[in-house]
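**Student:** got a predicted structure plus its sequence, pasted below:
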Amino acid sequence: MSETTLAPPRFNAPAGEIIGWRDGNVLRATGIPYARTERFQPPIPLARSEAPIGATQWAPASPQRTMQAFTRLLGVSPNAMAQQEDCARLSICLPDHPATTPRPVMVWIHGGSYIFGAGDLAIHDPKSLVSEQDVVTVNVTYRLGIFGFVGGTFQAETNTREETRGRPANLGLLDMIAALRWIRKNIAAFGGDPDNVTLFGESAGGDAIAHLMCADETRGLFQRVIIQSAPLGITPGRRTMHTAMAKAAESVNAHSSLKACLDAQQRVEKIGQRYLPGGLMPFGVQFGQAPLPRLTQRQTALEQRAPHCDVLIGHNVDEAELFMPEAEPLQGLFRLPVIGTGCRRTLSRAITAGLYSRPTRRFARRHANAGGRVWRYRLDWGSDQAARGACHSIDLALLFAGWDVWRHAGIVEGMTEQEMETDGRRLRALWAQFAREGRLEDEGEIEGVLAWEKITPT
């Protein structure tokens, strides 16, 4: 019987009967609502649907502006997808054959500086990971930018008095928690093991995961994490900046047009950039705002979680090379004879160390010292061949999608289809092994791809 004549897969979950679709050797259920959202408000849990839930369309992206540089570098654009504010959706992919035991669950949290991207962006397609490694994946889409990561209370002066004003902060993070609660309750209907859940995410997605670890509300929702290229050197603190951004965001409200909100986001972003070296990633999580503890309590919260959460964390050796050609004010310096190339290399290494490698080492060491199991990796795939080396985001090309999707992406220029296929399969196997077992060998290497080591307490 051909695939087109087979009945669509149906999953009887606590959320309701979910009707998915077949895609070669995998089954999919895409664009499933996991919560209801209203502008500038926390997500609202959904009651069981009495009508069947059609899950045959990709999840829409959170509304966002075009970022031409990253569209060119990644070879895709969220503008090719539907976009809507009510984007609290997730997509599930599983093998199209029965399992003898529940499968490990891998939950993908996408990156994009908290303002760009989507869970179902083509470059995040987990089909190869699922079919090769016999796992269940869940791609989560959450609110971004002004809709998801601006807020918090502040003191505002009126004509007669000073009053406390503001909106909830961390709404995108609360969306992720709502998705994890949905997964905990429903994933068994898709053959997944709710007691074997691994979060994995890159860049802002990895940063979000690191902060979900210290939120009380996530206890029991996942057992291990893979944190890829998280800019942990950026996000702590920044209360003054967040207050200024929240005040500026009050220019729009629940009744403003979508265009007005995105225009306001640009103004809010520029205000935030004034407080940051290089204007890097002003949108992000806020401590002391639900669901996160105060910044002074973060480390204690992480230490309490450490024995209950296995960690694989790392970075790419040339992270900052993604951004060097986009730094227009510095191009004149980089083109200077004799010293230009050296200046660029020195700055790139310093940024990679300051934002990624040193914070990663500190995070891993503290986790180990608190009684957690942790492995640290360094990825160098493409370092000597790709146009921008082993730059930020190049690991995505090994984990997801495949050559047909990635071939036009600027970050893989210089790499071949065979290299991507062979090395990608090896990296996917390693990630799945960690998700399945919560451990790796004490040290090891995938030649030409990455090396890892277990971090021991000091």
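**Tutor:** Structure's in. What do you need? Because the structure is predicted, anything quoted here is derived from the model rather than measured.

**Student:** contact partners for Val107?
**Tutor:** Shown here is Val107, whose contacts under the criterion CB atoms under 8 Å, 6 or more residues apart in numbering are 137-138, 140, 179-180, 183, 197-200, 222. From N, CA and C alone the C-beta is placed, and that goes for glycine too.

**Student:** buried residues of the strand of greatest length in the chain, list them for me.
**Tutor:** Ordering each strand of the chain by length in residues (DSSP state E) puts strand 192-202 first. Along strand 192-202, these residues count as buried under the neighbour rule (16 or more other CB atoms under 10 Å): 192-194, 196-202.

**Student:** strand partners (parallel or antiparallel) of that strand?
**Tutor:** Sheet partners assigned to strand 192-202 using DSSP bridges are listed as strand 103-109 (parallel), strand 224-228 (parallel).

**Student:** right, and those - which one's nearest Glu447?
**Tutor:** Ranking these by distance to Glu447, with CB to CB as the measure, places strand 224-228 first at 19.8 Å.

**Student:** what's downstream of that closest one, the next helix or strand?
**Tutor:** On the C-terminal side of strand 224-228, the nearest following helix or strand under DSSP states H and E is helix 239-249.

**Student:** sorry, back to before: starting at the chain centroid, how far to the longest strand of the chain?
**Tutor:** Average the C-alpha atoms of strand 192-202, do the same for its chain, and the two points are 13 Å apart (CA atoms, centre = their mean, to the nearest Å).

**Student:** next one: stretch 130-140
**Tutor:** Distance of stretch 130-140 from the chain centroid (CA atoms, centre = their mean) equals 16 Å.

**Student:** can you pull out the helices in this structure?
**Tutor:** 68-74, 127-133, 145-148, 171-186, 204-212, 239-249, 258-273, 295-305, 331-334, 340-352, 358-369, 394-399, 403-406, 417-437 (DSSP state H).

**Student:** now the first one: mean pLDDT?
**Tutor:** If I follow you right, that is helix 68-74. Per-residue pLDDT values across helix 68-74 average out to 86.

**Student:** what does the last one give?
**Tutor:** Across helix 417-437, pLDDT averages out at 98.

**Student:** and Arg345, what's its pLDDT?
**Tutor:** Note for Arg345: predicted pLDDT of 84.

**Student:** tell me, how many residues neighbour it?
**Tutor:** Around Arg345 sit 14 other residues, with neighbours defined as other CB atoms under 10 Å.

**Student:** contact partners for the closest residue to Arg436 other than its chain neighbours?
**Tutor:** Of all residues not flanking Arg436 in the chain, Pro104 sits nearest, at 4.8 Å (CB to CB, 6 or more residues apart in numbering). The contact partners of Pro104, taken as CB under 8 Å, 6+ apart, are 135-136, 192-193, 196-198, 432, 435-436.

**Student:** hmm, try it at 10 Å
**Tutor:** Applying CB atoms under 10 Å, 6 or more residues apart in numbering to Pro104 gives the contacts 133-137, 192-193, 196-198, 223-224, 432-438.

**Student:** same deal with Val317?
**Tutor:** When contacts are counted by CB under 10 Å, 6+ apart, Val317 touches 349, 352, 356-357, 378-383, 389-391, 450.

**Student:** okay, the nearest residue to Arg294 once chain neighbours are set aside: pLDDT?
**Tutor:** Nearest residue to Arg294 in three dimensions, chain neighbours excluded: Gly288, at 4.4 Å (CB to CB, 6+ apart). Per-residue pLDDT puts Gly288 at 92.

**Student:** related to what we said a few turns ago, for the contacts of Val317, which one is nearest Asp263?
**Tutor:** Using CB to CB, the shortest approach to Asp263 within those belongs to Cys391, at 31.2 Å.

**Student:** follow-up on the earlier one: ok, the residue nearest to Arg294 touching Cys214?
**Tutor:** No - using CB atoms under 10 Å, Gly288 makes no contact with Cys214, being 12.0 Å away.

**Student:** need the overlap of contacts for these two.
**Tutor:** 297-298.

**Student:** kindly export stretch 65-78 (C-alpha atoms) in CSV.
**Tutor:** Extracted in CSV, the C-alpha atoms of stretch 65-78 (Å, rounded to 0.1, in the frame of the first residue of the first chain):
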residue,chain,number,x,y,z
ARG,A,65,11.5,41.6,11.2
THR,A,66,13.6,40.4,8.4
MET,A,67,17.3,40.0,9.3
GLN,A,68,19.0,39.9,5.9
ALA,A,69,22.5,38.9,7.2
PHE,A,70,21.2,35.8,9.0
THR,A,71,18.9,34.9,6.1
ARG,A,72,22.0,34.9,3.9
LEU,A,73,24.1,33.0,6.3
LEU,A,74,21.5,30.4,7.3
GLY,A,75,20.0,30.1,3.8
VAL,A,76,16.4,30.4,5.1
SER,A,77,14.1,33.1,6.3
PRO,A,78,11.1,33.0,8.7
